[in-house]
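Novice: Prediction below, plus the sequence it came from.
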Amino acid sequence: MVNFYFAYFGRGKIDTIIYPYKRLKKMIHLGKIGIGRKLGQFKSVQSQFNYMEFYNIGAIFMIVRLFAFLIFLEFLICPSAYSDEYHDFLLKLNIPYWVKKTFRKNGIINNYDYYLELNPMYLRGDFNGDAAPDIAIMVKEKLSNKLGIIVIHFGSNDTFILGAGKKIGDGGDNFKWMTNWSVMRKGKVGKGADETPPPSLKGETLFVEKAESASAIIYWDGEEYVWYQQGD
């Protein structure tokens, strides 16, 4: 019978019939090796990925630290630049929104900057006598750096430039001399430095002064702003 199986099936077939568990055991063993290799490759790829991920995070962290250090170093070298910019930013927050909007809409912002060195930097008053609060704000002409005042009428948003490159009375075209200013209530104006009679006011006026030297009022005459010298 064995010879018959050997003659009919051949050696490989006999092994498969008589000793099937050997072949099965060998196949299982080879399968384990293949699976192990696949798992090893997967773990190797995973470890490489984890290493690359860790490396990228570390590199990003180092770049952020370097960037922060450079900013800190620049602040140490020139701290006044940042403090001045922040100080100006805070001051500009106090300017009424409608004034900023008028500066943009009328194109004033293209030729003039807010001048923030004089306190207060702007005044509120009824300068044209229409019972609405107008604004007078200090500016600097960008081209010449000359100082002056821009008056904006509330409602109409009409703008009037006093100084800052445009001469008005004895004040000239540059208000660099001005040390203080304020709003003067509507009322009787005292006699000035010359023989010109005092004006009759339609609204409140701007009082401008160089301390212990000279002063004047700037008032609205119905068409424009006029300089009236008060003292020398």
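Specialist: Okay, I see it. Residues are numbered from 1 along each chain as shown.
Novice: How many residues are close by residue 150?
Specialist: If you count neighbours by other C-beta atoms under 10 Å, residue 150 ends up with 24. Bear in mind the C-beta positions are built from the backbone N, C-alpha and C, glycine included.
Novice: Make sure I have this right: it is in a strand.
Specialist: Yes. With DSSP: H, G, I helix; E, B strand; the rest coil as the criterion, residue 150 is part of a strand.
Novice: Look up the residues forming beta bridges with it.
Specialist: Bridge pairing for residue 150 (DSSP bridges) gives the partners residue 137, residue 161.
Novice: Torsion angles phi and psi at residue 192?
Specialist: phi -80, psi -160 (degrees, to the nearest 10).
Novice: now it: how far from residue 141?
Specialist: 28 Å (C-beta to C-beta, to the nearest Å).
Novice: Residue 123 too?
Specialist: 19 Å.
Novice: now swap in residue 88 and tell me
Specialist: Residue 88 is 17 Å from residue 141, by C-beta to C-beta.
Novice: Mind checking which of those two has more residues around it?
Specialist: residue 141 (20 against 14).
Novice: residue contacts, the more buried one?
Specialist: Contacts for residue 141 (C-beta atoms under 8 Å, 6 or more residues apart in numbering) come out as 111, 112, 147, 148, 164, 165.
Novice: That one pairs with what?
Specialist: As for beta bridges, residue 141 partners with residue 112 under DSSP bridges.
Novice: any idea how far residue 172 is from it?
Specialist: Separation of residue 141 from residue 172 (C-beta to C-beta): 13 Å.
Novice: my read: residue 224 touches residue 162, true?
Specialist: No. Residue 224 lies out of contact with residue 162 (C-beta atoms under 8 Å); the separation is 9.8 Å.
Novice: Who has more neighbours out of those two?
Specialist: Per other C-beta under 10 Å, whichever of residue 224 and residue 162 has more neighbours is residue 162, with 23 against 9.
Novice: Now do the contacts for that one.
Specialist: Residue 162 sits next to 148, 149, 150, 151, 168, 171, 175, 218, 225 when contact means C-beta under 8 Å, 6+ apart.
Novice: I'd guessed residue 231 sits against residue 215; true?
Specialist: Yes. At 5.2 Å, residue 231 and residue 215 qualify as touching, with contact defined as C-beta under 8 Å.
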